[in-house]
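Asker: Show me the folded form of this:
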Amino acid sequence: MYHGNSIRLLAGNSHPELARAVAERLGVPLTPCMPKKFSNGEVNVKISESVREEDVFIIQSGCSDVNDNLMELLILISACKTASARRITAVIPCFPYARMDKKDESRAPITAKLVANMLVSAGCDHVITMDLHASQIQGFFDIPVDNLFSEPLMVSYIKRYIDGWQNGIVVSPDAGGAKRVTAMADKLGIEFALIHRKRDGKSQNAPERMELLVGDVRAQVAILVDDMIDTGHTLTLAARTLHEKGAKTIYVLISHGLFAEAHMASLNSLPIEQLVTNTVPQNEHKEQFSKLIALDISSTIAESIRRTHNGESISLLFGEWAEGRGLDMII
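Answerer: Down below sits the predicted model:
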């Protein structure tokens with residue numbers, strides 16, 4: 001429960017369910033701000049209550065209509081800045097354009113850096129986000145950035161809801177997730193595995209397949225962990241590879257379930273037991289994908305806001321505190 005008298009919670013249109021859950025956990029009402037569009041698509045914001053000298057937290061996830069949501073966030077920040085807010089914190093569970101974090105070919109943009117610049121230029125003083133696609137994005141900012149992890153919640157979910165996890169193995173679908181899965185495997189006291197994607201030929205149009213480089217999944221409970229699912233192509237290849245290699249059951253834990261180009265009927269046919277995700281609204285996806293389960297991250301977000309406002313350390317959110325949130329974690 002929040003104790004104080006100088007905090008304001010605002011929310012855009014990206015994830016109203018999360019905003020309401022965070023407000024309820026904090027015992028702080030959402031400040032009406034009514035982002036809406038003019039007929040030509042321009043975003044208009046009107047904050048209905050004073051935020052002068054207040055500690056403002058704006059909850060907006062980078063999902064769905066990502067450009068509209070980003071503009072809403074920037075305009076809300078700017079509006080609070082010109083209304084003399086004392087401090088403005090952008091709470092962005094899913095950071096937009098996080099996959100564009102480096103220049104990996106000629107003339108490629110580093111759009112995550114551009115987003116960081118826009119947030120700071122708009123007047124943002126602090127950013128709270130979750131499971132950044134690349135941790136170096138924190139270095140794009142000249143303001144404090146707290147990158148929260150869903151790993152403790154996932155560890156708690158595994159222990160409470162996955163039968164036979166003690167004889168399981170944590171799997172990463174690519175080399176980039178090796179650090180994530182090894183950390184989870186250490187916490188759980190089980191083994192880890194690593195899959196590598198490769199093409200059958202040198203052509204860009206050559207068919208792709210995956211090989212199991214590290215670990216043995218035969219007759220094991222395979223727990224596939226990744227930070228993001230968009231098209232579902234990587235998940236499809238990985239799940240079929242694990243099934244072919246003899247995994248007894250397959251569970252999938254994803255931080256950011258975007259599903260922007262995913263064919264939900266195809267995902268339903270995959271040999272997996274459950275797909276667990278968070279940070280992004282999933283109501284529509286759950287209607288199309290019967291195996292989808294949404295984790296409630298509002299407790300972690302709310303506690304990070306409370307601790308930031310009160311000037312307390314947030315290090316507890318990376319360990320046992322978050323793992324203890326498992327009793328009410330499914331929505």
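
Asker: tell me the contacts of the residue nearest to residue 230 when sequence neighbours are not counted?
Answerer: With sequence-adjacent residues excluded and distances taken as CB to CB, 6 or more residues apart in numbering, residue 230 is closest to residue 258, at 4.7 Å. Quick note: C-beta positions are derived from backbone N, CA and C, even for glycine. Residue 258 makes contact with 63, 94, 228, 229, 230, 280, according to CB atoms under 8 Å, 6 or more residues apart in numbering.

Asker: Which ones among the residues you listed map onto strands?
Answerer: The members of these that map onto strands under DSSP state E are 228, 229.

Asker: List buried members of the contacts of residue 258 by neighbour count.
Answerer: Neighbour-count burial (16 or more other CB atoms under 10 Å) is assigned, among the contacts of residue 258, to 63, 94, 228, 229, 280.

Asker: My assumption is that residue 80 lies in a helix; please confirm.
Answerer: Yes. Counting by DSSP: H, G, I helix; E, B strand; the rest coil, residue 80 is located in a helix.

Asker: could you measure it against residue 171, distance?
Answerer: 43 Å (CB to CB, to the nearest Å).

Asker: With residue 113 instead?
Answerer: Taking CB to CB, one finds residue 113 at 31 Å from residue 171.

Asker: do the same with residue 121
Answerer: Distance check for residue 121 against residue 171: by CB to CB, it reads 41 Å.

Asker: So those two - more neighbours on which side?
Answerer: Between residue 121 and residue 171, counted using other CB atoms under 10 Å, residue 171 has the larger neighbour count: 31 against 11.

Asker: Next SSE downstream of whichever strand or helix holds the more buried one?
Answerer: Element membership for residue 171 (DSSP states H and E) is strand 168-172. Counting by DSSP H and E, the next helix or strand C-terminal to strand 168-172 is helix 178-188.

Asker: low-scoring stretches of the chain, by residue?
Answerer: Along the chain, the model assigns pLDDT under 70 to residues 1-5, 198-207, 319-331.

Asker: quick one on the thing from earlier: which one of the buried ones among the contacts of residue 258 sits closest to residue 318?
Answerer: Residue 318 has its nearest neighbour among the buried ones among the contacts of residue 258 in residue 94, at 18.6 Å by CB to CB.

Asker: For that closest one, give me its contacts.
Answerer: 61, 62, 63, 129, 130, 256, 258, 279, 280.

Asker: again, but for residue 165
Answerer: Contact analysis of residue 165 by CB under 8 Å, 6+ apart lists 158, 159, 188, 190, 221, 223.

Asker: if I look at it, how far off is residue 253?
Answerer: Distance of residue 165 to residue 253, computed by CB to CB: 11 Å.

Asker: okay, and the common contacts of those two?
Answerer: Common neighbours of residue 165 and residue 253 (criterion: CB under 8 Å, 6+ apart): 158, 223.

Asker: what about the strands in the stretch 101-250 of the chain?
Answerer: Along the stretch 101-250 of the chain, the stretches classed as strands by DSSP state E, counting those that start in this stretch are 126-130, 145-148, 168-172, 191-199, 208-214, 221-229, 249-257.
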